[in-house]
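>>> Below are the sequence and a predicted model; questions follow.
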Amino acid sequence: MHTPGRIAVLILSVGALLAHAASGQSSKSDNVVSVKTRLITVDVVASDSHGNPVRGLKASDFQIFEEHGGEQKIAQFRFIDRPVKAAASAQAVQTSAPPPPHIYSNQIFARLSVPPTVILVDALSTNVTDQTEARRHMLLVLKTLPSDTPVAVFLLTHTLRIVQGFTTDPALLRNAVDSALTSLPQVQNPQNDPDAASNRVLGVNGDVETPSVMAMEDFEKVVYEQQTSLVVDETVQAMQSIAKFLGGYPGRKNLIWFSEAFPLWIAPSADFGENTDDELANRFRQTFASSGNYAERMQAAAQALTDARISVYPVDARGLQASSLYNTDQTPFMGLHNQAQRLSGQETREDTDRTNSQGTMQEIAADTGGTVCKNTNDLSGCVTAALEDSSYYYEISYYPQNVKWDGRFHKIAVKTTQHGVKLRFRRGYFATETVAIGKDRPQKMLEQSCAAQLPATTIPLTAAAVAPSGLATAGQSKQTRYLLTISTNALNLTPASGRMTLNLQMAICEYDRTGNSFQIHTRDLSAPILESDYRALQADGIRDVFDYNAKPEAQRLRFAVVDTSTGATGSLDVPAHPHDVVALVPVEASSATPAAAGSPVSSQNPRTVLLFRDLAFHVPSGKASALATNDKGLSYTGTLAADLAAPAFFRSVYGKAFHCQAGSLVANGSAPDQPNFRFMFRNSAGLDAVIDLAGGEPAYSGALPVDVTAKAFFDEVWKFCHCRKP
C-alpha cells in the first residue's frame, strides 16, 4: 500500500492577496512589471554559398528592418551553436531525474538542454503508401540521430496524439514511428477520381454532360470543398496546439511535418458542374460555388508557431513521383469519347494540385523560418538537413519602434554587411499589443485551453496530488485535492492606483471517460498586489489548494489559466483520482490576527502569520514523529527526536529564501527583507496556538495550549532561526 509522504509549503493564495491589499497597506514599488510593447525575437540562420554555417558574426554585422518602421535597434544578440555543447547536453539529458509520482508539471522542457524537435506524421493528408515510405526514411534518420537531440513523435488523424514524448532513446522512437502508421480515407479532387459517381456515369453515357451528371458534379464539388475545409481546420488546430505545447520552452524549436498537405485554395471549375448556356442565371453561382481560400486559416497557424519560435520543415511524403495515371492501381476513364482530352486534363489538374499543396508547405516554412523538402526521394536527408539547420542560429531581438500596433502582419527584413552570406529568418509577425490580447474573451480562451489536444506551457504550472481532507458524503466519489503552483515569470502585472494588479482567470476541466467532452468550472484569480507580496510571488509563485469532487468515471482533470492582460495561457493535465498522494502540511499567508491570540504579536513582518495544520516527520530508518493538534493542545510525539525534526522544519520554511550571515538570517535576493517568525497552529475546533520566535526566546499565546514537548521542539527551531546552529 502506498504511504503518503509529507510536504510543507508556503501558500500565497489569491484570497490572502486580496485580504492584504484591502488592509490599506501600500508601498511604492520599483518592481512593477508591465508589458506595453513586445520584444520581437528573430532566429537567423546564416550560411555560405555551399550551405555551410557561418559563425563568428557580431551584432554590428546585422541590420533589421520593419515594414513601414525603418531600421530597428538591436536590443539583444547571441549566437546559438548546439554542437559545441553536445557532450554536456547529452549528459544533462541522461542524468535528468523524473519528478515524484505525485508531482505534475507542464514544464517537461526543464530537463532538455537542446531545442526539442517534433516529428509530425500527418495521416490526415497522406495516404498509407506514402506514409510507409516516409516511415522507412525516418528509421534511417534515427540510426544517426545525435545523442543529445530530444525528439517526440506526434500523429495527426482527426485528432492530434502524442505517440512518443521527448526522448533521446532511439529504440523508443523506432517503436513510435512504427505505431504511427495509420490509414485514413484521403480527400481527392472528384475531377481526378475515376470512382466518383459523375465519372462513372460519364463512362456509361459516352461523356454526355446531362443535367443529372452536372448535378452530381455540383454535389461532388460541395463535398470536396467541405472535406478539404475540415482537413485544413484540423491541421491548423493541431499546429496551434503544438505551438502552445512548445511555447514554454525558450529558444528555437523544430517541427518536421511529413505530409502531402493540401492546396491553399480551391479554384473555380468552369468545366465541372452546371455551366450550360441555358443556365446563365446560375452560371456565376455554380462556377464559384465550392471554391475555397484557406490562406487566412494557415496564417493563424503560422502566427501561433512564430510566436512560439517554432520553425516548420515540411517534408513532402510523396517524394519524387509521376502522375497517378501511370500507377498500376489507377483505373483510367474508360469508355469516354474524349478520353485522351480528359486524361490530359487530369494530369494537368494533378500537377496543379501538387504544386498548390507544395505551395502551402512553402508558405508555412517561409513564415516560420524553416525550409520545405519536395520532389526528392531522399526524405531522410531532408530530416538530417533540418536538424543540422537548426543546430546553429543567431538570436536577434528588438523592441519595435515607429510601429503601429494594428494587429496586422508586419514584414521583417534582416540584412548583413558580410558579403557572400545568405540569411534565412521568419518573414514577420502580427503586431498585436500584448495588453489587449486576452481582455475581451477570457472565458472563450479557457474553454479553448480545455478543448486543446495538448496542454499549454507559456505559463508554468505545477500540481502536487495531496491527501484529501476527508471523504465525500455517502454515494459520492472521494474528494480530489491538488496544491497548484502558478509561476509568475510569464505573468504581466499591470500598475493600478499605486499597486500592481494580477489579471488571471482559472478553470478546472473535468473530462469524461473518453476524454472527448468536459465540464468547465471557472474562477477569477485577479487581485491587487503589494510590493512585499510581489517579492514572495517571485520566489514561490501563486500557490493554492483546490478540492474537487470528480465523478468516479472521470479519467483526468485539467487546470487552465489565462493572463487576461496578455492572452498568455498555461494548462496542466492531472489524474482525476490520483493513486500517489502526499500529505499536505500547508503554510498559509494570512493578514488576520487570530481572534484568540489577544493583542497582535509583533514581528519583523506583522501583517502575516504562518498557519499550519499538522506536521509529520520521518526518516529512512523508520523513526517518525508528529507535531499535531487535538482538543487538548499542540504536542510533539513520536520516536524521532525534536533536534532531528527541527532542522527539517526550518529548511522547508526558510531554506530556499534565507541564509545565515553574521548571526542573522539574510534574504537570498528575491525573498522579503525580513523572515517571518510567527506561526499559528489551529485544531479542528478552531482554537489557535501562536508561536513567535522573533524575540530572545520563543513566546506562546492563543487559546490552544502548547505542550512542553512542542515547546522543546520550538526551542530547537528558535536556534536555527537565530543562527545558533549550522
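On my side now, so go ahead.

>>> Mind pulling up the pLDDT for C721?
Here the pLDDT value assigned to C721 is 89.

>>> let me fix that: F518
Taking F518 on its own, its pLDDT is 92.

>>> Okay, and S49 sits in which element?
Under DSSP states H and E, no helix or strand contains S49.

>>> roughly how far apart are it and H158?
Counting by Cβ to Cβ, to the nearest Å, the gap from S49 to H158 is 44 Å. All C-beta spots, glycine's among them, are computed from the backbone N, C-alpha and C.

>>> So for the two, which sits in the more crowded spot?
Taking other Cβ atoms under 10 Å, S49 and H158 do not tie; H158 has more neighbours (11 against 8).

>>> So that one lies in a strand, does it not?
No - checked against DSSP: H, G, I helix; E, B strand; the rest coil, H158 lies outside a strand; its state is coil.

>>> Next up, the contacts around it.
Taking Cβ atoms under 8 Å, 6 or more residues apart in numbering as the criterion, H158 is in contact with L124, L184, E234.

>>> can I get those residues in TSV with secondary structure, neighbour count and distance to H659?
Listed next are the contacts of H158 as TSV, based on DSSP: H, G, I helix; E, B strand; the rest coil; neighbours: other Cβ atoms under 10 Å; distance: Cβ to Cβ, whole Å:
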residue	secondary structure	neighbour count	distance to H659
L124	coil	24	55
L184	coil	16	59
E234	helix	18	53
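
>>> In TSV, list the residues you listed along with distance to N630 and pLDDT.
As requested, the contacts of H158 are exported to TSV (distance: Cβ to Cβ, whole Å; pLDDT from 0 to 100):
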residue	distance to N630	pLDDT
L124	62	92
L184	63	87
E234	59	93
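
>>> Double-check that K411 belongs to a strand.
Yes - secondary structure of K411 (three-state DSSP): part of a strand.

>>> State whether it and E67 are indeed in contact, as I suppose.
Yes - if you go by Cβ atoms under 8 Å, K411 and E67 touch, sitting 4.0 Å apart.

>>> shared neighbours, these two?
In contact with both K411 and E67: G428, using Cβ under 8 Å, 6+ apart.

>>> how many neighbours does the spatially closest residue to G663 that is not a sequence neighbour have?
In space, and not counting its chain neighbours, G663 is closest to C723: 5.1 Å by Cβ to Cβ, 6 or more residues apart in numbering. When neighbours are defined as other Cβ under 10 Å, C723 has 16 of them.

>>> State the three-state secondary structure for C723.
Note that with three-state DSSP, the state of C723 is coil.

>>> I'd say it and S664 touch.
Yes - shown here, C723 and S664 form a contact pair, counting by Cβ under 8 Å, at 6.3 Å.

>>> Okay, helices next: where are they in the stretch 451-600 of the chain?
With helices called from DSSP state H, counting those that start in this stretch, the stretch 451-600 of the chain shows them at 531-540.

>>> In it, what residue spans correspond to strands?
Taking DSSP state E, counting those that start in this stretch, the strands of the stretch 451-600 of the chain run over residues 461-466, 480-486, 493-496, 499-502, 504-511, 518-524, 527-529, 542-548, 556-563, 569-575, 582-590.

>>> Comparing these, which comes out most buried?
Of those, the one with the most neighbours on average (mean count of other Cβ atoms under 10 Å) is strand 556-563, at a mean of 25.

>>> Would you list the strands that it pairs with, along with their directions?
Strand 556-563 pairs in its sheet with strand 504-511 (antiparallel), strand 569-575 (antiparallel), by DSSP bridges.

>>> Can you check what angle separates it from strand 461-466?
Relative orientation of strand 556-563 and strand 461-466, computed by axes from the mean of the first three to the mean of the last three Cα atoms, to 10 degrees: 140 degrees.
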